[in-house]
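Novice: okay, here's the prediction I keep looking at, along with the sequence it came from:
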Number of protein chains: 2
Amino acid sequence: MTSTVGIDIGGTFIKAALVSGEGKVMRRARVASGVEGGADEIERRVEEAVGELGGGGVRGVGIGVPGMVRMDDGVVVRSPNIPAWNDYPARERLSARLGIGVVVDNDANMAALGEGWVGAGRGTPSFMMITLGTGIGAGIVLGGRLWHGDTGRAGEFGHVIVEPGGAPCGCGGRGCVERYASADGMRRLASELGIEADVPEIMALAGKGDPAARRVFETAGGMLGIALGAWFNITDVRTVIVGGGAAPALRLMLPHVRDALARSVYGVEAGQLRLVPAELGEDAGVIGSAHAAGIRRDDDG
Amino acid sequence: MTSTVGIDIGGTFIKAALVSGEGKVMRRARVASGVEGGADEIERRVEEAVGELGGGGVRGVGIGVPGMVRMDDGVVVRSPNIPAWNDYPARERLSARLGIGVVVDNDANMAALGEGWVGAGRGTPSFMMITLGTGIGAGIVLGGRLWHGDTGRAGEFGHVIVEPGGAPCGCGGRGCVERYASADGMRRLASELGIEADVPEIMALAGKGDPAARRVFETAGGMLGIALGAWFNITDVRTVIVGGGAAPALRLMLPHVRDALARSVYGVEAGQLRLVPAELGEDAGVIGSAHAAGIRRDDDG
């Protein structure tokens, strides 16, 4: 039995999956997160979700959390969407509760790990996966392993500044790329041009030739290209996987992303940079979390 | 005998040093590069420099080159300052010529390796070293090893865009950080404010309270801070070593770098980011090259 359980904790739902050693989802469960009930209640829901999978003989559990995780002790340092888990010893508590080895990491990291295992990053040792959602999250895989940085918060790609003094961001800065190229960012750009619509609607308008809607993707793409230019110039890692709810907009942004890259990446043809759509969709997180649990067991011997 | 030879090839001089296994420079040599004489002539000069060191029993030779090196075969793909070495099989040729194992890498990478071994990066597993010279070069060490990227050109930090549509750069882009915070960049900023001077002179003027000179470091520091913000946000690597001829200007830039970082780095107090001066000065390259040769021998067993 080489299966593991992957869990993706969101502000609304906890998703869990029993995943085979080959990365196949064999069973799924979904329960409400119960974040208003506090840390204990969330733990209980995690236990419930794992129970629903009915997985006897599971080798380990991986848990992706929307927040910053300290890797050496598995403590969730900060989780804006799950305040009860600020400074919360998730690995210790959940391992005790579930009676099995637990690995905890940031959810964007887990999604990147999943895409690298059996998704768009299969066979690519180094890549960044960005997730275009409310903001822009990122997980970084270098040489086949997640890159966590000095304190576990690597991948704050959404806060790379692309317009100094530009649109104010929730982080306290201005001109962060996520203010332009996330779902929220594109809605904001559209709103400034008199379109009150969500991303699929803006895409539909652009498809009909609406100049303001097209301008949204031109701006969003150009800004995303500047930030990706920083990524490529610094790391020389040429593969970027794009996922998240607003990822379909990549198609409309792409010519403008490429224009910006051609102007910003030194010594490389823009065509040598690979921007590829994520393949696992909503499953990336649970699959990656399950993989993290498997890797951990392997490392332990 | 555990000493190795480190060589730093520049457009004007070839510097060589015999370096002990503890990173001490035991002997030095310097010869003209002879770049106008073509590839053979440069090889001859390298041989001459190594000969001047008189090092019998040397374990290996490391060579830092001002250009892009393909790591799998040691070919210099491109070297703007040594055109004869564009697409040049440096490792193979020099190894045959010197009759000893040779390691070739980019000079900024070798300098970073040197600072990590016995300089400002001692004991710090992950850091970036930036070199403020004519442009801005960078070498990246992650988890104790040089990070080369997919094709060996990681560390083009100088071409991170900090002002979209800003000052034209030799790379074909606009608003690259090296157009503001390198020695050339600072001279350019000063010139625009009516000061025709080099960096030490601009520093002296700023020290006397000259508002235009102070403005140069304010702008350069702010722009460097934006680019460093991208670095920190993406990698969460908190140590950046600053070297190069214009590094003394860091002191005047620092308050403005810190202001920009405070506005651009998400979830971290700006004070937690370490900007430290390089310690090895002009020796970083030869020491790092010697270390690269030693690591290679160790890897070989």
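Specialist: Ah, there it is.

Novice: in the stretch 101-250 of chain A, which spans are strands?
Specialist: All strands of the stretch 101-250 of chain A, identified by DSSP state E, counting those that start in this stretch, fall at A:102-106, A:127-132, A:136-142, A:145-146, A:239-243.

Novice: check which helices and strands the longest one sits against.
Specialist: Which is strand A:136-142. Counting contacts by 3 or more Cβ pairs under 8 Å, 6 or more residues apart in numbering or on different chains; DSSP states H and E, strand A:136-142 packs against helix A:107-118, strand A:127-132, helix B:211-235. Just so you know, the C-beta spots here come from the backbone N, C-alpha and C atoms, and that holds for glycine as well.

Novice: TSV for the ones you listed, including mean neighbour count, distance to A:Val5 and mean pLDDT?
Specialist: Formatted as TSV, the helices and strands packed on strand A:136-142 follow (neighbours: other Cβ atoms under 10 Å in any protein chain shown; distance: least, Cβ to Cβ, whole Å; pLDDT from 0 to 100):
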stretch	mean neighbour count	distance to A:Val5	mean pLDDT
helix A:107-118	28	12	97
strand A:127-132	29	22	97
helix B:211-235	25	30	97
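
Novice: who wins for proximity to B:Thr12 among those?
Specialist: Closest approach to B:Thr12 among the helices and strands packed on strand A:136-142 is made by helix B:211-235 (25.8 Å; Cβ to Cβ).

Novice: and the angle for that closest one with strand A:136-142?
Specialist: Relative orientation of helix B:211-235 versus strand A:136-142 (axes from the mean of the first three to the mean of the last three Cα atoms, to 10 degrees): 70 degrees.

Novice: which helices and strands sit right next to helix B:211-235?
Specialist: Helix B:211-235 is packed against strand A:136-142, helix A:211-235, helix B:178-181, helix B:183-192, helix B:199-207, helix B:250-264, with contacts defined by 3+ Cβ pairs under 8 Å, 6+ apart.

Novice: how about the last one, does it get close to chain A?
Specialist: Same thing as helix B:250-264. Yes - applying Cβ under 8 Å from any Cβ of the partner chain, one finds helix B:250-264 touching chain A at B:263-264.

Novice: could you list the low-confidence segments of chain A?
Specialist: Flagging of chain A using pLDDT under 70 yields the residue ranges A:1, A:55, A:267-271, A:297-301.

Novice: let me see the contact set for the residue nearest to the spatial centre of it.
Specialist: Centroid check for chain A by Cα atoms, centre = their mean gives A:Ala108 as the closest residue, at 2.9 Å. Residues in contact with A:Ala108 (Cβ atoms under 8 Å, 6 or more residues apart in numbering or on different chains) are A:129, A:131, A:137-139, A:155.

Novice: same check on A:Arg27?
Specialist: A:17-18, A:53-55.

Novice: rewinding a little: as JSON lines, the helices and strands packed on strand A:136-142 with distance to B:Tyr180 would be great.
Specialist: Formatted as JSON lines, those follow (distance: least, Cβ to Cβ, whole Å):
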{"stretch": "helix A:107-118", "distance to B:Tyr180": "32"}
{"stretch": "strand A:127-132", "distance to B:Tyr180": "26"}
{"stretch": "helix B:211-235", "distance to B:Tyr180": "4"}
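
Novice: thinking again about what came up before, quick one: closest of the helices and strands packed on helix B:211-235 to A:Val177.
Specialist: helix A:211-235 (4.0 Å).

Novice: what's the angle between the closest one and helix A:199-207?
Specialist: Calculated by the same axes, to 10 degrees, helix A:211-235 forms an angle of 110 degrees with helix A:199-207.

Novice: A:Thr12 against A:Glu36, yeah?
Specialist: No - A:Thr12 lies out of contact with A:Glu36 (Cβ atoms under 8 Å); the separation is 11.1 Å.

Novice: how about the residues of the stretch 101-250 of chain A near chain B?
Specialist: When proximity is defined by Cβ under 8 Å from any Cβ, the stretch 101-250 of chain A lies next to chain B at A:126, A:138, A:140, A:142, A:147-164, A:171-174, A:176, A:226-227, A:229-231, A:233-239.

Novice: filter the residues you listed to the buried ones?
Specialist: A:126, A:138, A:140, A:142, A:147-164, A:171, A:173-174, A:176, A:226-227, A:229-231, A:233-239 (16 or more other Cβ atoms under 10 Å in any protein chain shown).

Novice: returning to what we had before: with distance to A:Val265 added, can I get the contacts of A:Ala108 in JSON lines?
Specialist: Output for the contacts of A:Ala108, formatted as JSON lines (distance: Cβ to Cβ, whole Å):
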{"residue": "A:Met129", "distance to A:Val265": "19"}
{"residue": "A:Thr131", "distance to A:Val265": "22"}
{"residue": "A:Gly137", "distance to A:Val265": "23"}
{"residue": "A:Ala138", "distance to A:Val265": "18"}
{"residue": "A:Gly139", "distance to A:Val265": "22"}
{"residue": "A:Gly155", "distance to A:Val265": "20"}
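
Novice: what's the farthest-apart pair in those?
Specialist: Between all members of the contacts of A:Ala108, the farthest pair (by Cβ to Cβ) comes out as A:Thr131 and A:Gly155, at 9.8 Å.

Novice: shared neighbours of those two, anything?
Specialist: With Cβ under 8 Å, 6+ apart as the test, A:Thr131 and A:Gly155 both reach A:108, A:137-138.
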